[in-house]
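build me a structure from this.
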Amino acid sequence: MSKDDKLATQIVSVGREKKFTKGIINPPVFRASTVVFDTMDEMRFAIKNKTNGEMFYGRRGTPTHFSFQQAISELEGGVGTALYPSGAGAISIALLSFLKNGDHLLMVDTAYEPTRDLCNKMLAGFGIETTYYDPMIGEGIRELIRPNTKVLFLESPGSITMEVQDVPTLSRIAHEHDMIVMLDNTWASPINSRPFDMGVDVSIQAATKYIVGHSDVMMGTATANEKCWDQLRENSYLMGQTTSPDDVYLAARGLRTLGVRMAQHNKNALKVANWLASRPEVDHVRHPAFETCPGHEFFKRDFSSGNGLFSFVLKQGDLASVTAFVENMAHFKMGFSWGGFESLILGVFGINNIRTATQWDSSKPLIRLHIGLEDTDDLIADLDAAFERYNAVLNK
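Model (predicted):
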């Protein structure tokens, strides 16, 4: 593959070297624990090159893993990629790889809720202190940095409320203080932003979402730059992280259609979001492509496209009216996660209970949507019926 190839060509081509594919289109599924050698020289060679794509032991990976790791690294622009059994696993091990007792972590206040739980319940027990910061803090992050602050963690856009962070500014300031910058980059996927060009050191994906794309595999990835790769790789290995080659095969298969799926998700979501913005019941739409979304200017600068995930805020409502909205949908299914081919809906309450550095107006209900690959006219009709149910309860 040439570095000058267009993105669509890269998505199809990355990770498909003959040493991985053995001459067929898709890298085969290599299921292995023990790797056997005929000679001591072969074993010594494998030991010497075990971190360079040579079969050594099943937990280190097989060609199935190596090909997928290479593909993600090239698409995200990093040096190497470690694999984990979930996105939460990728976040946890990445943080534990660079933090120790006595260290201080700066965590974005809008982070994925399990990330927050990790900080409050586990890292605190290890003697690692966390300070949460406003995602829109920008230059103000300087005031929160201490001599023992080791990691700055970003998630952009933020879970649920979709704030887009000024990643280049935050990264620059963090590096002035010798900090490691980590980014949960799942919303962008490996193709809609360039995290390492923005100063990120470790880019994390819940591959469960858009990379897999079919809601049938749990997986996480963490891609690092040259400065951080050796430490991330070795600590991930020491903490026993490994993934099933069958799951990796499905993730690699999903990767090949990522470009066309993301383009359609984005097109569908924009149509639905624009329709929602016209509804009298809607206070505002929190889609990064909309000016009503905090950090919209950073989205225009740092992202090449959007996807299917966004939220909207109602002008009023309570548990009963929002429940009427989200229940009995024809096409939207109620559930956690996102990134598959199907549309999802989630009425979100208690946001103010999981924010400590920012405030949220809980009087205005928020509904999060993932727009799938269905016909948008059907999805809009489904939402139109939802508004009828919502208004009937609200106007009793």
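
tell me where the stretch 101-250 of the chain has helices.
Applying DSSP state H, counting those that start in this stretch to the stretch 101-250 of the chain gives helices spanning 113-117, 167-176, 226-238, 245-255.

mind giving me a markdown table with these and columns for distance to Ala357, mean neighbour count and mean pLDDT?
Every C-beta, even on glycine, is put in place using the N, C-alpha and C of the backbone. Listed next are the helices of the stretch 101-250 of the chain as a markdown table, based on distance: least, C-beta to C-beta, whole Å; neighbours: other C-beta atoms under 10 Å; pLDDT from 0 to 100:
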| stretch | distance to Ala357 | mean neighbour count | mean pLDDT |
| --- | --- | --- | --- |
| helix 113-117 | 11 | 16 | 93 |
| helix 167-176 | 14 | 19 | 98 |
| helix 226-238 | 26 | 17 | 96 |
| helix 245-255 | 34 | 21 | 96 |
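
let's have those in JSON lines, adding distance to Lys271.
As requested, those are arranged in JSON lines below (distance: least, C-beta to C-beta, whole Å):
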{"stretch": "helix 113-117", "distance to Lys271": "29"}
{"stretch": "helix 167-176", "distance to Lys271": "28"}
{"stretch": "helix 226-238", "distance to Lys271": "39"}
{"stretch": "helix 245-255", "distance to Lys271": "24"}
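
out of those, nearest to Tyr84?
helix 226-238 (7.3 Å; C-beta to C-beta).

need the CA coordinates for that closest one. PDB is fine.
Taking Å, rounded to 0.1, in the frame of the first residue of the first chain, the C-alpha atoms of helix 226-238 are listed here in PDB:
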ATOM      1  CA  GLU A 226       6.600   6.000  19.100                       C
ATOM      2  CA  LYS A 227       7.100   7.500  22.600                       C
ATOM      3  CA  CYS A 228       4.500   5.400  24.300                       C
ATOM      4  CA  TRP A 229       4.200   2.200  22.200                       C
ATOM      5  CA  ASP A 230       6.800   0.000  24.000                       C
ATOM      6  CA  GLN A 231       5.400   0.800  27.400                       C
ATOM      7  CA  LEU A 232       1.800   0.300  26.400                       C
ATOM      8  CA  ARG A 233       2.500  -2.900  24.500                       C
ATOM      9  CA  GLU A 234       4.500  -4.500  27.300                       C
ATOM     10  CA  ASN A 235       2.200  -3.500  30.200                       C
ATOM     11  CA  SER A 236      -0.800  -4.700  28.200                       C
ATOM     12  CA  TYR A 237       0.900  -8.100  27.800                       C
ATOM     13  CA  LEU A 238       1.900  -8.200  31.500                       C
END
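
how about the most centrally placed residue in the chain, nearest residue that isn't a chain neighbour?
Geometric centre of the chain, nearest residue: Thr186, 1.7 Å, by C-alpha atoms, centre = their mean. On the basis of C-beta to C-beta, 6 or more residues apart in numbering, the spatially nearest residue to Thr186 that is not a chain neighbour turns out to be Ala206, at 4.5 Å.

cool, Leu344 as well?
His370 (4.2 Å).

just Ala94 next, same as before
Closest to Ala94 by C-beta to C-beta, 6+ apart is Ala222, at 4.7 Å.

quick check: beta-bridge partners of the one you found?
Ala82, Ile204 (DSSP bridges).

residue contacts, Leu152?
Taking C-beta atoms under 8 Å, 6 or more residues apart in numbering, we find Leu152 in contact with 106, 141, 170-171, 174, 179-182.
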